[in-house]
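*Asks:* have a look; sequence and predicted model below, questions after that.
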Amino acid sequence: MDNIDSSKGLNDFLPIQDWFNEMHAKNTSQKVRTVLKNKGESGISLANNVPYGYKKDENDKTKWLVDEVSAEVVKEIFNLFVQGHGTCEIARILRERKILTPSEYNASISTKSNTNTQEYQYKWCGTTVAGILDRQEYIGDTVNFKCTTRSYKDKTKLRLPKEDRKIFKNTHEPIIDEYTWNIAKQLRNNRKKPTRSGKKSIFSGLLFCNDCGKKIYFQSSVTDLKVKDHYRSTSYKHDSSACTSHYITDEVLQVIVLENIQRVISYVKSYEDLFIQEQLAKSTQDELKHISKNKKELEKAKNRVIEIDNLFMHIYEDNISGKITDERFRNLSFNYDKEQQELKLRIEQLSKEINNTEKKDTDITQFISNVKKYTEITELTPEILNELIEKILVHQAEKIDGKKVQKIDIYYRGVGIISFPVSFEDMTMVIEKMIKERITA
């Protein structure tokens, strides 16, 4: 546009023109970034394409509607994953069922594509399935600022850390309930490759050492078939002096867990009111104290953040007036900034803990609903374990009166350890006592 022809010689003003053009591009980029930032912070999704399972509202392009056809596939993927299938295995199942991949499905419903000549290959892969499982948008949330570019010159995408992302709750209709999504998230975080024998444990991601808190891993011998499938502590595997083995066979563990789940199901179904009362009483005694303590710490942390802002202002003024040296100012600024960042992280952590504790009633109701889905369990499956159990702590075996005794703690989702203070035969007397106490009150 400037009619520059290098064959006729370069204009002396060319470097200046280049600089002006550079500044114009940079300024335009900054304006675009500002517009996108304001848009993202207002809760409007910054995604150009809607996630698989949704479609844009024809009347309002910023709104997402559930696409019934693809949403059913998303639900099936989550169900298969909770049942214990891996991402690659799910991809294979979808290929065998000849289900269109997200890109193929979008092409099939696009008015621009020629569906008559389109040949579909159903090339599902584990990465595509994993991407669907990791998307928080499926529980109705909008997640902005997942990635950015280096600059207006370099368009390489960079993934932003989770703490820099903005999450807006309940902005559109969910496809997956939050309970199922949290189970899938936990399983994704604790995923483990199969053993060399090809066997996988149904307890994958659920077993932890009671002493060191590390994961307990599954072992299945390839050469010695006499060795039973068993579990050992991760810490013991790497350093035998760091922890004890916490050895337990898969057969014994399945028997213990199955028997405990059967008792829990029978207990909850037969004495639901008593179970709810006990859980609420437990949360009232222990967790309300914990909530109160966290709220006090949260208030103290927020006040300290404000106090540090004021201190910054004072030391800046003292530095300008010459009361403190530049070096002293830098040291104080660094320490205050570090403390403030740590406080902000702690505030976020405390807020999450308070919210998680205060939704105890919802967790109890959800757990009872899950228990009622099962009539009689005769065999453990990954689906049952992942839906009912949050984690299992394995203690080190010990000898008592010449007998080997090993304790395990089973934490059920939303309710923790369920104890049976009285036998089922005495439960009727307890119920009658509760009724009398209510009548007296």
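*Replies:* Nice, thanks for sending it over.
*Asks:* tell me the contacts of residue 236?
*Replies:* By C-beta atoms under 8 Å, 6 or more residues apart in numbering, the contact list for residue 236 reads 242, 243, 244, 245, 246. Yep, even glycine has a C-beta here, placed from its N, CA and C like the rest.
*Asks:* for PyMOL, write the selection for the buried entries among the residues you listed.
*Replies:* With 16 or more other C-beta atoms under 10 Å as the criterion, this PyMOL line picks the buried residues out of the contacts of residue 236:
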select buried, resi 243+244+245+246
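*Asks:* okay, who's weakest in the contacts of residue 236 by pLDDT?
*Replies:* Among these, residue 242 has the lowest pLDDT, at 79.
*Asks:* just the closest of the contacts of residue 236 to residue 384, please.
*Replies:* Proximity of these to residue 384 (C-beta to C-beta) peaks at residue 246, which lies at 23.5 Å.
*Asks:* can you give me the strands for the protein?
*Replies:* 54-56, 64-66, 142-144, 147-149, 157-159, 166-168, 207-209, 216-219, 230-233, 248-249, 389-394, 398-400, 403-405, 408-412 (DSSP state E).
*Asks:* give me the pLDDT value at the residue nearest the centre of the chain.
*Replies:* Compute the mean C-alpha point of the chain, and by C-alpha atoms, centre = their mean the closest residue is residue 185, 4.2 Å away. If you check residue 185, the pLDDT there is 88.
*Asks:* and residue 277, by the same measure?
*Replies:* pLDDT, read off for residue 277, is 80.
*Asks:* pull the number of nearby residues for it.
*Replies:* Using other C-beta atoms under 10 Å, residue 277 has 12 neighbouring residues.
*Asks:* same question, residue 125
*Replies:* 15.
*Asks:* that one and residue 346, how far apart?
*Replies:* Relative to residue 346, residue 125 is positioned 40 Å away (C-beta to C-beta, to the nearest Å).
*Asks:* ok, now residue 384?
*Replies:* Counting by C-beta to C-beta, the gap from residue 384 to residue 346 is 37 Å.
*Asks:* likewise residue 100?
*Replies:* In terms of C-beta to C-beta, residue 100 sits 47 Å off from residue 346.
*Asks:* more neighbours, these two?
*Replies:* residue 100 (21 against 15).
*Asks:* ok, the more buried one touching residue 119?
*Replies:* No - applying C-beta atoms under 8 Å, one finds residue 100 not in contact with residue 119, separated by 11.8 Å.
*Asks:* what segments of the stretch 151-300 of the chain are helices?
*Replies:* Secondary structure of the stretch 151-300 of the chain (DSSP state H, counting those that start in this stretch): helices located at 178-189, 234-238, 250-270, 272-282, 288-321.
*Asks:* so the first one versus strand 389-394, what angle?
*Replies:* In other words, helix 178-189. Interaxial angle, helix 178-189 versus strand 389-394 (axes from the mean of the first three to the mean of the last three C-alpha atoms, to 10 degrees): 40 degrees.
*Asks:* can you pull the contacts of the residue nearest to the centre of the chain?
*Replies:* residue 134.
*Asks:* tell me where the model's unsure across the protein.
*Replies:* For the chain, residues meeting the criterion pLDDT under 70 lie at 1-3, 8-11, 111-118, 191-198, 222-226, 283-288, 356-362, 420-441.
*Asks:* repeat that with 50
*Replies:* 422-425, 427-428, 430-431, 434-435, 438, 441 (pLDDT under 50).
*Asks:* number of nearby residues for the residue nearest to residue 39 when sequence neighbours are not counted?
*Replies:* Once flanking residues are discounted, residue 39 sits nearest to residue 46: 6.6 Å by C-beta to C-beta, 6 or more residues apart in numbering. Applying other C-beta under 10 Å, we find 15 residues neighbouring residue 46.
*Asks:* contacting residues for residue 46?
*Replies:* If you count contacts by C-beta under 8 Å, 6+ apart, then residue 46 has 36, 39, 40, 144, 145 around it.
*Asks:* how near is residue 368 to residue 279?
*Replies:* Taken as C-beta to C-beta, the span from residue 368 to residue 279 is 10 Å.
*Asks:* and those two? Which one has more around it.
*Replies:* residue 279 (20 against 17).
*Asks:* where's the more buried one relative to residue 415, distance?
*Replies:* From residue 279 to residue 415 the distance is 5 Å (C-beta to C-beta).
*Asks:* spell out which residues are contacts of both of those two.
*Replies:* Joint contacts of residue 279 and residue 415 (C-beta under 8 Å, 6+ apart) are residue 364.
*Asks:* about what we covered before: and the contacts of residue 46, which are buried?
*Replies:* Buried, going by 16+ other C-beta under 10 Å: 40, 144, out of the contacts of residue 46.
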